[in-house]
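Trainee: Okay, here's the prediction I keep looking at, along with the sequence it came from:
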Amino acid sequence: MARSTVAQALVGLLFAFSSVARASPDQALCNTIKTKLGNDTVEATDGTYEALSTENWSQTVWAKPACIIQPSNAKELTYVVSTVVGQKAKFAIRSGGHSVVPGAANINGGVLIDMARFNSVEYDANKKVATVGSGLRWKEVYTALDPYNVTVVGGRVLEVGVGGLILGGGLSYLADLHGLVCDNVVNFEVVTAKGTVVNASATSNPDLFWALKGGANNFGIVTKFTLKAYDIHDAWGGVRVYSLDALPALFDAMYQYQSVANKDPYANIMLQAFPTNASIGAILNMVYLKPEAEPEAFAPFRNITPLADQTKLQTLTELMLAAPLPELTRVNWFSSSYTTDKKLFSQVADIVTKAPEIEEISNLTAGSLAFGWQPISSSAVLAGHASGGNPLGLQPVNQTWLVLDVGWWKPEDDELAHNYTLSIIDKIDDASKASGNYVDYIFMNDAAADQPVIEHYGQENVAKLKATARKYDPDQVFQNLASGGFKLP
């Protein structure tokens, strides 16, 4: 009887083990890849797994992949992609991990392909281009180019990853001069779903080149970006801090700044304010891409007295390094766009400072709301057209891309924080539509997961993106297996 009981127990254990094996194809896949790549594959039992799986800056997008793969070169990446696709496993791709869209740069189960080891910067002075790895953050790119006294059209927040920013369009302090970040790519090196390496440029796979300029992770995995470089090094600017009481004057100055007939393309500005936190108040980021103090472009702001003034002559990299970074636990953001109109500016100002949802957000544990007022000049759009165009569907008019950043502490408040902020964005969109100033564009890099970003590129551009996806990814791998991020509608 005892022998029978032991036998039954062994059969039960074998059944359990086989069930676990059948239930864990992701783990089997990770083991296969680890056999080939060794330490490039990090599993849940490895000491570095916890730090890598929670590297994304907001806890709302932390996840537990079956393993994290850090290929070192395009050859290893092609093997990883071929193996993952062959097993029909879910995967995510991470550059810097700054996106707050769940699944865009991390995944529960499946495989996280971390591009951190694609981290080289090569500058070609003759061609005036820099080739940068897709696993870099902008701080590393600018620091590497500073010795050459050049820069590229790149991110304003230095901890943001290169890959996600470019593939989402990318906003830069150089945008009014040279277009969006995506408009300044001259070549993408891409690993396709078939595990092959292709180059996309104006002359090689030009349809893919166009699609990647705002098409997100729908076509392949970019390993390198070759970017135009510019002779910009020394600049003037920095941060000015104001009380919330100064906001009406700041909004009026912003209207004057944005409505001039010929806006100085070397001047760039961003207004951030924290209506839930008077102790922080409002922050004006001012950048002039020449070493000239107090340029005339910023004259509308001269008579508004700041609480603190950190503007000075410095390098552009130093200027961006000095920008404050928020320390938030859980983060989401929403985007809205509208043209320059004095009455609408006043309406939006009232909404972002007085809407009842703001108090509801502040009542959440560590609840906070900030808005970012980002002027976009018509010259930025025209520069993009001159560089071969992109799928974004932007019209060459002066406009504002507003972003609402919401932060909170507890996971149980996720839905409330989302809904309160969405309600504020809806009010802004309603106001801009009623006034005839609505811009049918949602900036991907500032958009919430449920904002239909690519749908707003326009019917013709969406059709062209879909045709390009069918050509380079006929099995819809990046639509279905890399399911995070903004997908083609």
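Mentor: Yep, that arrived.

Trainee: Kindly state the domain boundaries assigned to the chain.
Mentor: The chain breaks down by automatic domain parsing into domains covering 18-114, 121-231, 234-452.

Trainee: nearest to L481, of those domains?
Mentor: Nearest of the domains of the chain to L481, taken as CB to CB: domain 18-114 at 5.6 Å. (C-beta placed from N, C-alpha, C; glycine too.)

Trainee: most neighbours per residue, which of the domains of the chain?
Mentor: Ranked by mean neighbour count, the domains of the chain are led by domain 121-231 with a mean of 21 (mean count of other CB atoms under 10 Å).

Trainee: how far does that one stretch from start to finish?
Mentor: 17 Å (CA to CA, to the nearest Å).

Trainee: can you give me how far it is from the chain middle?
Mentor: Put simply, domain 121-231 sits 13 Å off its chain's centre (CA atoms, centre = their mean, to the nearest Å).

Trainee: quick revisit: mean pLDDT lowest for which of the domains of the chain?
Mentor: Among the domains of the chain, domain 18-114 carries the lowest mean pLDDT, a mean of 92.

Trainee: Tell me who's in contact with W401.
Mentor: Listed by CB atoms under 8 Å, 6 or more residues apart in numbering, the contact set of W401 reads 171, 335-337, 374, 376, 441, 443, 446.

Trainee: try 10 Å
Mentor: 169, 171, 270, 335-338, 372-376, 439, 441-443, 445-446 (CB atoms under 10 Å, 6 or more residues apart in numbering).

Trainee: sorry, back to before: quick one: the domains of the chain as JSON lines, columns for distance to G484 too.
Mentor: JSON lines is the format used below for the domains of the chain (distance: least, CB to CB, whole Å):
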{"stretch": "domain 18-114", "distance to G484": "3"}
{"stretch": "domain 121-231", "distance to G484": "8"}
{"stretch": "domain 234-452", "distance to G484": "9"}
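
Trainee: Let me know which of those is the nearest to N461.
Mentor: Closest of the domains of the chain to N461 is domain 234-452, at 4.5 Å (criterion: CB to CB).

Trainee: For the stretch 301-450 of the chain, which segments are assigned as strands?
Mentor: Secondary structure of the stretch 301-450 of the chain (DSSP state E, counting those that start in this stretch): strands located at 308-309, 312-315, 330-339, 368-376, 399-408.

Trainee: Tabulate these (JSON lines), appending distance to I428.
Mentor: Formatted as JSON lines, the strands of the stretch 301-450 of the chain follow (distance: least, CB to CB, whole Å):
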{"stretch": "strand 308-309", "distance to I428": "29"}
{"stretch": "strand 312-315", "distance to I428": "34"}
{"stretch": "strand 330-339", "distance to I428": "5"}
{"stretch": "strand 368-376", "distance to I428": "9"}
{"stretch": "strand 399-408", "distance to I428": "7"}
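
Trainee: what's the closest of those to G388?
Mentor: Of all the strands of the stretch 301-450 of the chain, strand 368-376 sits nearest to G388, with 19.2 Å by CB to CB.

Trainee: what's the offset of the closest one from the middle of its chain?
Mentor: Its chain's C-alpha centre and that of strand 368-376 lie 15 Å apart, by CA atoms, centre = their mean.

Trainee: got the angle between it and strand 330-339?
Mentor: With axes from the mean of the first three to the mean of the last three CA atoms, to 10 degrees applied, the angle from strand 368-376 to strand 330-339 works out at 30 degrees.

Trainee: Each with direction, which strands does strand 368-376 pair with?
Mentor: According to DSSP bridges, strand 368-376 forms sheet pairs with strand 267-273 (antiparallel), strand 399-408 (antiparallel).

Trainee: What distance do you get for the residue nearest to K64 when sequence neighbours are not counted to G485?
Mentor: Counting by CB to CB, 6 or more residues apart in numbering, K64 lies nearest to N108, which is 5.4 Å off, once chain neighbours are set aside. Per CB to CB, to the nearest Å, N108 is found 15 Å from G485.

Trainee: Check Y257 too.
Mentor: Using CB to CB, Y257 is found at 34 Å from G485.

Trainee: Could you do F219 as well?
Mentor: Distance of F219 to G485, given as CB to CB: 12 Å.

Trainee: who touches both of those two?
Mentor: Shared contacts of F219 and G485, defined by CB under 10 Å, 6+ apart, comprise 167, 478.

Trainee: Please name the residues that touch the residue nearest to A202 when sequence neighbours are not counted.
Mentor: With CB to CB, 6+ apart as the criterion, A202 has its nearest non-adjacent residue at 5.6 Å, and that residue is G388. Counting by CB under 10 Å, 6+ apart, G388 touches 183, 185-186, 201-202, 206, 209-210, 213.

Trainee: Restricted to strands, list those.
Mentor: Using DSSP state E, the subset of the contacts of G388 located in strands is 185-186.

Trainee: Can you add distance to T317 and give the contacts of G388 back as TSV?
Mentor: Output for those, formatted as TSV (distance: CB to CB, whole Å):
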residue	distance to T317
D183	21
V185	21
V186	22
S201	28
A202	29
P206	33
F209	28
W210	30
K213	25
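
Trainee: re the thing from before, out of the strands of the stretch 301-450 of the chain, the one nearest S243 is which?
Mentor: Comparison of those against S243 by CB to CB identifies strand 308-309 as nearest, at 10.6 Å.

Trainee: if we can go back for a sec, so which of the strands of the stretch 301-450 of the chain is nearest N126?
Mentor: Closest of the strands of the stretch 301-450 of the chain to N126 is strand 312-315, at 23.7 Å (criterion: CB to CB).

Trainee: Return the list of helices and strands in contact with that closest one.
Mentor: Counting contacts by 3 or more CB pairs under 10 Å, 6 or more residues apart in numbering; DSSP states H and E, strand 312-315 is packed against strand 234-242, helix 316-321.

Trainee: Identify the residues contacting that strand?
Mentor: Strand 312-315 has contacts (CB under 10 Å, 6+ apart) with 142, 146, 149, 151, 232-238, 288, 290-293, 318-322.

Trainee: Give me the sheet partners of that strand and which way each runs.
Mentor: Sheet pairing of strand 312-315 (DSSP bridges) gives strand 234-242 (antiparallel).

Trainee: Next secondary structure element downstream of the strand it pairs with?
Mentor: Later in the chain than strand 234-242, the nearest helix or strand by DSSP states H and E is helix 247-258.

Trainee: which secondary structure elements does that following helix contact?
Mentor: Under the contact criterion of 3+ CB pairs under 10 Å, 6+ apart, helix 247-258 touches strand 234-242, strand 267-273, strand 282-288, helix 342-354, strand 368-376, strand 399-408.

Trainee: so how far is that helix from its chain's centroid?
Mentor: 27 Å.

Trainee: With stretch 258-270 instead?
Mentor: The chain centroid and the centroid of stretch 258-270 are separated by 24 Å under CA atoms, centre = their mean.

Trainee: all helices of the stretch 101-250 of the chain, in order?
Mentor: Here the stretch 101-250 of the chain has its helices, by DSSP state H, counting those that start in this stretch, at 138-145, 162-167, 175-178, 206-212, 247-258.

Trainee: Let me have the ones you listed in JSON lines, extended by distance to Q314.
Mentor: Below are the helices of the stretch 101-250 of the chain laid out as JSON lines (distance: least, CB to CB, whole Å):
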{"stretch": "helix 138-145", "distance to Q314": "13"}
{"stretch": "helix 162-167", "distance to Q314": "23"}
{"stretch": "helix 175-178", "distance to Q314": "19"}
{"stretch": "helix 206-212", "distance to Q314": "33"}
{"stretch": "helix 247-258", "distance to Q314": "22"}
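
Trainee: Which of those helices sits closest to P326?
Mentor: Proximity to P326 (CB to CB) singles out helix 138-145 among the helices of the stretch 101-250 of the chain, at 16.5 Å.

Trainee: Just the residues contacting the closest one, thanks.
Mentor: 96, 119-123, 130, 132-133, 136, 150-152, 154-162, 165, 170, 172, 181, 225, 227, 229-230, 233, 315-318, 320-321.
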